[in-house]
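> let me see the structure of the following:
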Amino acid sequence: MTINIKELKNKIIYRANYRGTKEMDKLLGSFTKKYINQFNEQELMLLCDLLDCDDENLYKFNQGQNLTIQIKTNKVTEMFKNYNYTSE
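Numbering: from 1, shown residues only. Take a look at the predicted model:
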């Protein structure tokens, strides 16, 4: 199966920017904007998996708080965990 990388990136960008809460729109949107072009196909798929998580747990994960779910550790999740949003 061939994956259209450009189409996948567009879907990821949309999902990251339209989460349901303004805080997560900004946090995930800026993270995605910063790193999406550095990710290979496998890392893009890991980012898709991360975007499947709910906003509350993603925020807690980024802030180092206790979660109600388990998020698998990988390069993308570690980058997100260590990402600090600053408004531009």
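> for the chain, which spans come out with low pLDDT?
1-2, 87-88 (pLDDT under 70).
> list the contacts for the closest residue to residue 31 other than its chain neighbours?
The spatial neighbour of residue 31 that comes closest, neighbours along the chain excluded (C-beta to C-beta, 6 or more residues apart in numbering), is residue 83 at 5.0 Å. In this view, the C-beta of every residue, glycine as well, is placed from N, C-alpha and C. Contact analysis of residue 83 by C-beta atoms under 8 Å, 6 or more residues apart in numbering lists 27, 31, 34, 62.
> which two among those are spaced furthest apart?
Using C-beta to C-beta, those span at most 13.7 Å, a distance reached by 34 and 62.
> neighbour-wise, which of those two wins?
More neighbours surround residue 62 than the other of residue 34 and residue 62, with 19 against 12 (other C-beta atoms under 10 Å).
> which strands and helices sit next to the helix or strand harbouring residue 76?
Using DSSP states H and E, residue 76 maps to helix 75-81. Under the contact definition 3 or more C-beta pairs under 8 Å, 6 or more residues apart in numbering; DSSP states H and E, helix 75-81 sits against helix 22-35, helix 41-51, helix 55-63.
> for that helix, buried residues please.
Judged by neighbour count (16 or more other C-beta atoms under 10 Å), helix 75-81 contains these buried residues: 76-77, 79-80.
> what's the closest of those residues to residue 58?
residue 80 (7.7 Å).
> so the closest one touches residue 49, yeah?
No - using C-beta atoms under 8 Å, residue 80 makes no contact with residue 49, being 11.2 Å away.
> list phi and psi for residue 20.
phi 130, psi -30 (degrees, to the nearest 10).
> my read: it touches residue 55, true?
Yes - contact criterion C-beta under 8 Å: residue 20 and residue 55 qualify, at 6.1 Å.
> which one's more surrounded, the two?
A direct count of neighbours by other C-beta under 10 Å for residue 20 and residue 55 places residue 55 higher, at 15 against 9.
> who's in contact with the more buried one?
Contacts of residue 55 by C-beta under 8 Å, 6+ apart are 19-21, 23-24.
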